[in-house]
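Novice: Structure for this input, please:
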Amino acid sequence: MLTVAKNDLVMNNIYDVHLNGGRRKHNPANTNQVITQRMYTRILTELCANRFEWKNLPDSVDPRFLELNLIWRGVAVFYRDQDSDQFFAAQGAGSGATNFMDEPVNFTIISPDRTTTTLRAVPAYDVTPGGDVVKSGDAECVPIYCNYMREPDLDIIDLYAHKLAKLDRSIELTGDNMRKTKIVTTTENERLSMVNVIKQIDEGQPAVFGTQALDMGQVTVLDMGVDPLTLPNLMIARSKLWNECMGLLGINNANQDKKERLVAAEVGANDEQVTATRRISLNARQQAADRINKLFGLDIEVDYFEQPVPVDPAAGEEFTGGSTTSDNQGANANA
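Specialist: A predicted model of the protein is given here:
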């Protein structure tokens, strides 16, 4: 067996994991939570990437790649490639100095051929021998930022995927504990018999059979005392956490878990918060679209994508997505 020094970080954390039979055993609990977290990360990323609708983009600009760049990196750089005479929205990062508005003067981008190119992001100016400042060149690219802070939304996605996965795991364990609320202690001789008894119970057998040698007097049962309200409360907590995440991403998240019906004022307050959050990301994109149109003579538009909801005018409801005050009044009257 290979001996490893305690302070050998490379050996301890890379090689020894797979040598000597492996120190890290398979843990189904950790595996399930990792899979659940990865699922939530994918779902939240998909929702985040489909919030905005880009119109009149050149065929060479993929809106999916553009939005994923903004989600993961916080910035994408729109420019015209001189070799192919096509527009691209590529990965990029500010390079060099910044101007007085804290905007990078240059951007280093990754071209379609995977080479790096540095482009000017602001107009260039020169000073003449007479002391006059004259414009010597236009900007060559326009940065598209995810928000005014120029930070990606990945932190929201990662944090809430982790929280939701932990709550999902808690719900799963609570559900299992509600099915198996007791711990059985017995002698080693009776252990196999008790395993078979529990197996029959799990299988839903109409009757549980035991041998004459089964001595129930040697069996001790410890009641775990799982509160039946724990499971619904955890599910409500998960729903509230999901709504909180949707609110931070600017996605409508009216609370549907309330026992009483929603009133128009509550729905209106939620809509105001959602609208304010949407403007955080939308303003940065619209500002970039205006600069692109002015620099390259295009007609690009971007807006928040909303699926139209059909409304029945004869229903007389204040809020079609949930229950309203008028519903309460009608229900009370019928009662």
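Novice: Which residue ranges of the stretch 51-200 of the chain form strands?
Specialist: Secondary structure of the stretch 51-200 of the chain by DSSP state E, counting those that start in this stretch: the strands cover 52-55, 75-81, 86-90, 92-98, 104-110, 116-120, 124-127, 133-137, 141-145, 182-185.
Novice: list the helices and strands the last one packs on?
Specialist: By that I understand strand 182-185. strand 220-223 (3 or more C-beta pairs under 8 Å, 6 or more residues apart in numbering; DSSP states H and E). C-beta here means a position set from N, CA and C on the backbone, and glycine is covered the same way.
Novice: Contacts for the helix or strand that the strand it packs on is followed by next, please.
Specialist: Once the chain leaves strand 220-223, the next helix or strand it forms, by DSSP states H and E, is helix 230-248. Contacts to helix 230-248, defined as C-beta atoms under 8 Å, 6 or more residues apart in numbering, come from residues 44, 47, 156, 160, 163-164, 167-168, 170-171, 174-175, 178, 252-253, 255-257, 270, 273-274, 277.
Novice: can I get the strands of the stretch 51-200 of the chain in JSON lines with distance to residue 232 and mean pLDDT?
Specialist: Listed next are the strands of the stretch 51-200 of the chain as JSON lines, based on distance: least, C-beta to C-beta, whole Å; pLDDT from 0 to 100:
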{"stretch": "strand 52-55", "distance to residue 232": "36", "mean pLDDT": "96"}
{"stretch": "strand 75-81", "distance to residue 232": "43", "mean pLDDT": "95"}
{"stretch": "strand 86-90", "distance to residue 232": "46", "mean pLDDT": "94"}
{"stretch": "strand 92-98", "distance to residue 232": "48", "mean pLDDT": "90"}
{"stretch": "strand 104-110", "distance to residue 232": "50", "mean pLDDT": "92"}
{"stretch": "strand 116-120", "distance to residue 232": "55", "mean pLDDT": "92"}
{"stretch": "strand 124-127", "distance to residue 232": "64", "mean pLDDT": "73"}
{"stretch": "strand 133-137", "distance to residue 232": "65", "mean pLDDT": "71"}
{"stretch": "strand 141-145", "distance to residue 232": "42", "mean pLDDT": "95"}
{"stretch": "strand 182-185", "distance to residue 232": "22", "mean pLDDT": "73"}
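Novice: With residue 283 as the reference, name the closest of the ones you listed.
Specialist: Closest of the strands of the stretch 51-200 of the chain to residue 283 is strand 141-145, at 9.7 Å (criterion: C-beta to C-beta).
Novice: quick one on the thing from earlier: ok, of the contacts of helix 230-248, which come out buried?
Specialist: 44, 156, 160, 163-164, 167-168, 171, 174, 252-253, 270, 274, 277 (16 or more other C-beta atoms under 10 Å).
Novice: Which positions in stretch 142-161 come out as buried?
Specialist: 142-147, 152-154, 156-157, 160-161.
Novice: out of these, who's nearest residue 124?
Specialist: residue 142 (15.1 Å).
Novice: Return the residues in contact with the closest one.
Specialist: Applying C-beta under 8 Å, 6+ apart, the residues contacting residue 142 are 77, 78, 79, 121, 288, 291, 292, 295.
Novice: show me where pLDDT drops low in this protein?
Specialist: Within the chain, the segments meeting pLDDT under 70 span 1-9, 11-29, 133-134, 136, 180-182, 212-219, 221-225, 254-269, 307-335.
Novice: can you map out the helices along it?
Specialist: In the chain, the segments counted as helices under DSSP state H are 9-10, 28-49, 63-73, 154-179, 191-203, 230-248, 264-296, 325-334.
Novice: which among the contacts of residue 142 end up buried?
Specialist: Buried, going by 16+ other C-beta under 10 Å: 77, 78, 79, 121, 288, 291, 292, 295, out of those.
Novice: Nearest to residue 35 among the residues you listed?
Specialist: Nearest member of the buried ones among the contacts of residue 142 to residue 35, counting by C-beta to C-beta, is residue 77, at 35.0 Å.
Novice: who touches the closest one in this structure?
Specialist: 89, 90, 91, 92, 107, 109, 119, 141, 142, 143, 144.
Novice: and which of those is nearest residue 226?
Specialist: Once C-beta to C-beta is applied, the member of those that ends up nearest residue 226 is residue 91, at 50.2 Å.
Novice: how much space between the closest residue to the closest one other than its chain neighbours and residue 123?
Specialist: Spatially, and ignoring its direct neighbours in sequence, residue 91 is nearest to residue 110 (4.7 Å; C-beta to C-beta, 6 or more residues apart in numbering). Counting by C-beta to C-beta, to the nearest Å, the gap from residue 110 to residue 123 is 24 Å.
Novice: Same question for residue 141.
Specialist: 12 Å.
Novice: Compare those two (neighbour count), which wins?
Specialist: Set side by side, residue 141 and residue 123 show more neighbours around residue 141, with 26 against 12, by other C-beta atoms under 10 Å.
Novice: leaving aside the residues next to it on the chain, what's closest to that one?
Specialist: residue 79 (3.8 Å).
Novice: Check the offset of stretch 130-145 from the chain's centre.
Specialist: 38 Å (C-alpha atoms, centre = their mean, to the nearest Å).
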